[in-house]
Structure formats: structure tokens, C-alpha cells
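S.K.: test case, fold it:
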Amino acid sequence: MQLGRLKLTPQNLAIIGVVLAVLVAGVIIFAEDLGLSGTSADLTDTDGDGLHDRIDKCPNEVGPIDNRGCPVETADNGSIDPNSNLAQGDNDGDGIKNIDDKCPLRGDEGNGIDADGCPIEVGAGGQPTADDSDGDGVPNDVDACPNDGDAGWGVDTQGCPFYDSDGDGVFDHADACPNAGDEGNGVAPNGCPNPAGVAQNPNDGRVDKASLTVSAQCGDGEVIFIITNTGDAGAEGRMAVGTAWNFLVDEVSQQTGTTQVLDGKASQTLTFPLQPGSHKYRLIVDQPQGHPGTGITQADTTCAGDDQPPTDVCPNIPDVQVEIPDGLIMDDNGDCVEPPTDVCPNI
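M.R.: Modelled structure (predicted):
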């Protein structure tokens, strides 16, 4: 028998058999190296990270493929190059780079993430609890609105939500026209719509193109918020009027105000003193009407303030006295002393 010009003699058939055997053996070895061989043992993935144990450098620890199956280490131990693709990546998709993420393989699990990139557990971060039915951070026993939580603009010190019903950038409690928003000509500082013929931006008569962002950071004894107008530089992106802001501590409103009228690319800094202990500080800012986005912009951060020692009202006697002891009075020098003796008790 002859195949093309190759005669299939017994000798040639033996040679072909050897070549085929070598090829098959090579394919098997290659598959085993990739963890692709057919036995169930070869396909085992003990840690469930998508890499078979045969090629997983850390078979008992969950890790991304680009780290060869080993967990991503954070910057705490300085073990990875901060400029590497691994460090700058975001394996859990929570918006925080791996190198800054204390939980690089755990993203948002339904309740948001904290400042360290770790998921907030159920019952925290605005979730209802047995003692706080509406999850606004104000316990039921002191909450004037126990079933009405944060509607997006924070709550006041009584636990009732702030609203901006007409979306004009002025909170309802300060809005003289809470149900009448921008009718095409902007709104006045009191929240009422400007009449026809009044330009929203009084500088040049066009629609306001300002758009605000907020950033937050902890400072020395204070929390710092920076409000930036990202609109076109200068007068082109200037705000028509200031817009409302709301400062909250642990989701309870502490102070409200109005931003400056910012040119495009200009910023305003707001600072507030830290309270003793660790607290979450948040600033919510209404967007100007007519800007490219809608609604609100906000930023938050958790800062630790110094624990304040109790005030000693009697510095002249030992130990710290938080109130004047029985039998003593405070003299003109601020010292706690015994009252003077009445030398004439009969008159």
C-alpha cells in the first residue's frame, strides 16, 4: 500500500506509531501542568478561588488569578510594590485600591463598605435595629420620628428626616416654597422660584452649569470637607446661588448652612471640631439646579477625637472634683473652700 509518495511498509508504520505516541504523551504532560487532566483529583479547587490546586500557589487560601491564587496583601505590611498592577487593582470591585483595602477580597455585601474597604455588617451603617427602628442613628426612646429615617438628606437632632421636596437645593425646613422648585428661571435664596425673565445665572443670563463634589479628611482636632465646583473654569461655570449643606455626626444632623457662590474650579473648605472618641462625620450638599447631574453630593469619613478629661471644678483640693463637694463653696478665686463662720449667729 502507498499513501501519496509514502509507502506504508511495516518499517514506516512502526516509525509513525512512535511519533504518535510521543505526541500523545506530550499533550498529557502539558494538560497535567495546567491542571487540566481528566481525573477529579486533578480538578480539585480546595479554596474555591477558580484555580485548580495543581497550579494554585496557595491552594488553601482564596486569591485572585493575577496573584497566582494567593491572597492580596494590604499595604500594612509593605509587602507589595505600591506601583504594581496588583496594588493599584481593585479585586473586590468596591472602589478602593487593593493596597488601601483592608478587605481586598470582600466588597459590598449589601450594606455598603466602611472607610477601610471592608463590608459593613447587617445592623450597622443605617440598618434598622431593635432599638432604632428606622436606622437613622437616633434611638427610638428619643426619636421624634421613630419610623421615618434618613430620606437622603440626613436627620435632625430629633431624629426626623430632612427633605428637599421640590429638589431646588433648599431643604424644606428653610424653604419658603417647599413644593415649588425651579420653574426654568432658577430659585431665590429663600427657595422660591424666580419669576419669568430672571436668569438662573445673573452673571450672563444662561443656565447654571455648576456641579459640585465633596471630599472629606480627618485633620488635627477637626474634620475637613472640601466642596469643589467642577463646572467650566471661571464665570462660565459659576454657581447662580449658594446651595444647602447639612453636617452630620453618626448620621444625626448637627449644623446646616449654605455654600458660597463658587466660580468654576473654585473650592470652599468647611471644618468642624472632632468630638471625643471615634465618630462618622458626613457632609451632604445639594447640587445646584441646572447642573449636569441631579440630587445631592456627599462625603464621609470616620475620625477619632481625643477623649476629654473631666473638668476639675476644685483645682485647690486633691483629686478631680466634677462638682463642688458638700459643705464647701466656691470663692472669688475659683477655689473650693469652707463657708465663713458666722461670728454673730444671733443677729
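
S.K.: all helices of the stretch 51-200 of the chain, in order?
M.R.: Per DSSP state H, counting those that start in this stretch, the stretch 51-200 of the chain carries helices over the ranges 85-88.

S.K.: shaky segments in it?
M.R.: 65-66, 72-87, 109-112, 120-131, 152-153, 169, 184-187, 189, 195-200 (pLDDT under 70).

S.K.: tell me the helix or strand right after the host helix or strand of Trp245.
M.R.: Secondary structure from DSSP states H and E places Trp245 in strand 244-249. Helices and strands here follow DSSP H and E; after strand 244-249, the next one along the chain is strand 252-258.

S.K.: can you show me the strands along this structure?
M.R.: Taking DSSP state E to define them, one finds strands in the chain at 2-3, 6-7, 212-218, 222-229, 244-249, 252-258, 267-273, 277-286, 296-305, 329-330, 336-337.

S.K.: surely Glu183 touches Cys192?
M.R.: No. Contact criterion C-beta atoms under 8 Å: Glu183 and Cys192 do not qualify, at 9.9 Å. Yep, even glycine has a C-beta here, placed from its N, CA and C like the rest.

S.K.: more neighbours: which of those two?
M.R.: The neighbour comparison of Glu183 against Cys192 (other C-beta atoms under 10 Å) goes to Cys192, with 18 against 14.

S.K.: burial of Gly48, as a residue count?
M.R.: Neighbours of Gly48 using other C-beta under 10 Å come to 7.

S.K.: which one is it nearest to, not counting chain neighbours?
M.R.: Val62 (6.8 Å; C-beta to C-beta, 6 or more residues apart in numbering).

S.K.: tell me the contacts of that neighbour?
M.R.: Taking C-beta atoms under 8 Å, 6 or more residues apart in numbering, we find Val62 in contact with 47-49, 71, 105.

S.K.: how close does it sit to Leu270?
M.R.: Noted for Val62: a distance of 42 Å to Leu270, by C-beta to C-beta, to the nearest Å.

S.K.: cool, Asp232 as well?
M.R.: For Asp232, the distance to Leu270 - C-beta to C-beta - is 24 Å.

S.K.: looking at the two, which one has more neighbours?
M.R.: Leu270 (19 against 15).

S.K.: pull up the gap between the nearest residue to that one once chain neighbours are set aside and Gly95, please.
M.R.: Closest residue to Leu270 apart from its sequence neighbours, by C-beta to C-beta, 6+ apart: Phe225 at 4.7 Å. Distance, Phe225 to Gly95, using C-beta to C-beta: 19 Å.

S.K.: so which of these two has more stuff around it?
M.R.: The residue with more neighbours, out of Phe225 and Gly95, is Phe225; 23 against 11, by other C-beta under 10 Å.

S.K.: correct me, but that one touches Leu283?
M.R.: Yes. Phe225 is within contact range of Leu283, at 4.3 Å (criterion: C-beta under 8 Å).

S.K.: any shared contact partners between these two?
M.R.: In contact with both Phe225 and Leu283: 214, 216, 247, 270, 299, using C-beta under 8 Å, 6+ apart.

S.K.: dump the residues you listed into CSV; add distance to Asp101 as well.
M.R.: Output for these, formatted as CSV (distance: C-beta to C-beta, whole Å):
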residue, distance to Asp101
Val214, 22
Ala216, 18
Phe247, 28
Leu270, 28
Ala299, 18
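
S.K.: fine, thanks again, bye for now.
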